[in-house]
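Peer 1: predicted coordinates and the sequence they were generated for:
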Amino acid sequence: MTALIRKRLSLVLIVSGAIMATAVLWPIVASQLKFSFSPSSRLIDPTAVSGNRPFLVVNLLGLPKTDYTQATNWFDISPPATTSAKVSRFTLSIPRVKMTNIEVATNHLDLKKGPLLFPGTALPGDRGNAVIFGHSSLPYLYRSGNPLTVFNPLPEVKIGDEIIVTSDSVTYKYVVRSTREVQPNQIDVLSQNKNRRELTLVTCVPLGTYWRRFVATAELVN
C-alpha cells in the first residue's frame with residue numbers, strides 16, 4: 001500500500017510540475033510563434049541606429065541584465081530628460097480589456113511607480129503622438145492595480161477598441177487603428193506627426209520577457 005501511495009504521489013507531482021511549466025512557458029512560446037509567422041510584424045525603421053551597449057542582454061529565461069523598470073532602457077536611444085508638463089498625471093481606460101482608470105504620470109521615468117508618458121511626446125489631446133509605457137510581467141503574476149503588471153492586458157487590445165483618457169478634467173476618446181510587435185531598435189513608435197492627434201501604448205512581449213515591444217496606436221475621435 002505504501003509503495004502504491006508513493007507511486008501515485010510521484011505521478012501527481014510530475015503532472016503538477018508539467019502543468020505549472022506549461023502555464024509559464026506557453027504564453028512566451030505562443031507569442032514567439034505569432035511574431036515569427038506574421039509578416040506585418042517584421043517592420044524595419046530606417047532611422048534606427050544601433051547603440052554601443054547591448055540593449056537586449058537576456059539569459060535563457062529572458063531575465064534582463066538591464067534595468068527595464070526604467071523607461072529610458074526600453075528603446076535603443078539616448079535617454080531623454082524629463083520635462084515639466086501642463087499636467088502631472090492623467091487616467092487611462094480601455095473598457096474591453098478591463099483596464100480602468102489607470103494613472104499615467106508625466107514627470108518621472110520609473111515604471112515601478114506605474115505607467116508614464118514618454119518625455120518629448122505629446123500630451124493627450126494635443127497634436128502629435130502621446131506615447132505611454134506600462135510594465136507587464138508573466139500572466140500568472142498579474143494583479144489588478146500592481147504597477148509591475150498593470151499593462152498585462154494590453155496585448156489583448158484589438159483594432160477598433162476605445163481608449164478613454166481623462167486629463168485636466170477633459171475626457172478624450174481614442175480608437176485603436178493599429179497593433180504590432182516591434183524590436184527595441186524600432187524607435188519610429190516615438191515619432192511625432194503634428195498633423196495628427198494620436199495615442200500610442202507600449203509594453204514588453206512576450207509577457208514576462210523583454211524581447212520585443214507590443215504597440216497599440218490610436219487616433220483621437222472625440
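Peer 2: Sure, I can see it.
Peer 1: wait, doesn't Arg96 sit right on Ile164?
Peer 2: No - assessed by C-beta atoms under 8 Å, Arg96 is found out of contact with Ile164, at 11.1 Å. Any C-beta I mention is one placed from the backbone N, CA and C, and that applies to glycine too.
Peer 1: quick one: which of the two has more around it?
Peer 2: Set Arg96 next to Ile164 and count neighbours by other C-beta atoms under 10 Å: Ile164 wins out with 17 against 14.
Peer 1: for that one, what are its contacts?
Peer 2: Leu92, Ser93, Ile94, Pro95, Thr171, Tyr172, Lys173, Tyr174 (C-beta atoms under 8 Å, 6 or more residues apart in numbering).
Peer 1: PyMOL command for the buried members of those residues?
Peer 2: Provided next is the PyMOL selection string for whichever of the contacts of Ile164 are buried by 16 or more other C-beta atoms under 10 Å:
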select buried, resi 92+93+94+172+174
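Peer 1: out of the contacts of Ile164, list just those in strands.
Peer 2: Leu92, Ser93, Ile94, Thr171, Tyr172, Lys173, Tyr174 (DSSP state E).
Peer 1: and the residues you listed as JSON lines, adding pLDDT?
Peer 2: Shown next, in JSON lines, are the ones in strands among the contacts of Ile164 (pLDDT from 0 to 100):
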{"residue": "Leu92", "pLDDT": "96"}
{"residue": "Ser93", "pLDDT": "97"}
{"residue": "Ile94", "pLDDT": "97"}
{"residue": "Thr171", "pLDDT": "96"}
{"residue": "Tyr172", "pLDDT": "97"}
{"residue": "Lys173", "pLDDT": "97"}
{"residue": "Tyr174", "pLDDT": "97"}
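Peer 1: which of the residues you listed sit farthest apart?
Peer 2: Maximum pairwise distance in the ones in strands among the contacts of Ile164, criterion C-beta to C-beta, is 14.0 Å, between Ile94 and Thr171.
Peer 1: which residues in this structure form helices?
Peer 2: 2-36 (DSSP state H).
Peer 1: all good on my end, thank you.
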